[in-house]
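Chemist: Pasting the sequence and the predicted coordinates here, then a few questions.
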2 protein chains.
Amino acid sequence: MKQRIVTISREFGSGGRTVGRTLAKELGIPCYDDEILLKTAVESGLAEDFIREHGEYTASNSLLGTIFATRDYQGRSMQDVVWQAQKTVIEKIGHEESCVIVGRCADYILKDIADCLTVFIHASKEFRAHRIVEVYGENETNPMKRLSDKDKRRKNYYQFYTDLEWGQAQHYDICLDSGVFGIERCVEILKELYQK
Amino acid sequence: MKQRIVTISREFGSGGRTVGRTLAKELGIPCYDDEILLKTAVESGLAEDFIREHGEYTASNSLLGTIFATRDYQGRSMQDVVWQAQKTVIEKIGHEESCVIVGRCADYILKDIADCLTVFIHASKEFRAHRIVEVYGENETNPMKRLSDKDKRRKNYYQFYTDLEWGQAQHYDICLDSGVFGIERCVEILKELYQK
């Protein structure tokens, strides 16, 4: 059987990562999330911390940040270097095996080279704020601000590299509100779609 | 049992209306689409043609159209008059019975007053162009232009009255690509979600 990929884009705190991990486990296929970061480090020779620093989660949130970014000898920003290295890893995975890939614009990177089920998981700010305090501990003093900041970074990163609007329903095969359906039900829906 | 509503927003040509009709039939509940128009005519005293002319499908697509629109004695444009009359009908339905409502911003109108499953159905332009030629006949000479025009009108109409972005995943419980899954499968997915 030809490999089939599930790509999961998600709002911060929506549980999209958990949906991805659980789905992969139930389907008996690997899930790539931070594993992409490790693989990128191994294959590109870049340090793991460097990749983390210039990847999806920490991408510059401002125009000035982009203009004044440090550049390599080809004129690429550090973020561009990491993007290219991660893209190569994701393309390789897309050719090799059935799996779930969380984040990192994998839906866009793989759209023409693999059989993908592209998913977007989102939820209300109230649901996500409650969830990040629960998951990341009681220290979260301003979860709403953290949500806005993370979402803005992901949105900017996605738009910058894909020229598409993050969270626009038309770019995904299916979008689900994990706050409405619950994480387990989201996994069930996706499992059925993948298997049929 | 308290009434439960399914609202279906859809891109033109995606088959969202067919999804709504089939779903309602399988669930044994009514589907309101053009029926809203008839109900609005009966309850408001406005002529059916007038409602059709100033409703969702034919809403002005330009700023100038909005500025220079004919207005009633309260300063409302004809589009506003129809919007208000339709809104009253949709709110009444939302209080009365379980049903499927297609289009007309019902997701927004009912969000705080009914138990709603809010759905957005979309598909690629190629799928939709093929489908509208098939459904609306062979005379369609420029289906791509027709799609863009209809989508733009729906988008404008939705944004004008809701202040939300039409097709943004976050505004719906579930968004489905009918070109990827097929209309029957979309109905199945929604039926299961409604029943559980």
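Modeler: On my side now, so go ahead. Residues are numbered from 1 along each chain as shown, chains lettered A, B, ... in the order given.

Chemist: Look up how far chain B lies from residue A:109.
Modeler: Residue A:109 sits 18 Å away from chain B when distances are taken as CB to the nearest CB, to the nearest Å. In this view, the C-beta of every residue, glycine as well, is placed from N, C-alpha and C.

Chemist: ok, now residue A:99?
Modeler: 19 Å.

Chemist: Beta-bridge partners for that residue, please?
Modeler: When bridges are assigned using DSSP bridges, the partners listed for residue A:99 are residue A:5.

Chemist: Count the neighbours of residue A:134 for me.
Modeler: 11 (other CB atoms under 10 Å in any protein chain shown).

Chemist: what are the phi and psi values for the nearest residue to residue A:78 once chain neighbours are set aside?
Modeler: What sits nearest to residue A:78 in space, not counting adjacent residues and going by CB to CB, 6 or more residues apart in numbering or on different chains, is residue A:54, at 4.4 Å. The phi and psi values for residue A:54, taken as degrees, to the nearest 10, are phi -110, psi 20.

Chemist: Touching, residue A:54 and residue A:81? I think so.
Modeler: Yes. Shown here, residue A:54 and residue A:81 form a contact pair, counting by CB atoms under 8 Å, at 7.1 Å.

Chemist: My guess is residue A:109 contacts residue A:94. True?
Modeler: Yes. Residue A:109 sits in contact with residue A:94 when judged by CB under 8 Å, with a separation of 7.4 Å.

Chemist: any idea which helix or strand comes after the host helix or strand of residue A:158?
Modeler: Following DSSP states H and E, one finds residue A:158 within helix A:143-162. Going down the chain from helix A:143-162, the next helix or strand is strand A:174-177, by DSSP H and E.

Chemist: So which elements touch the next helix or strand after that next one?
Modeler: Going down the chain from strand A:174-177, the next helix or strand is helix A:178-181, by DSSP H and E. Based on contacts counted as 3 or more CB pairs under 8 Å, 6 or more residues apart in numbering or on different chains; DSSP states H and E, the elements that helix A:178-181 packs against are helix A:125-136.

Chemist: Buried residues in the helix it packs on, which are they?
Modeler: Using 16 or more other CB atoms under 10 Å in any protein chain shown as the burial criterion, the residues of helix A:125-136 that qualify are A:125, A:127-129, A:131-133.
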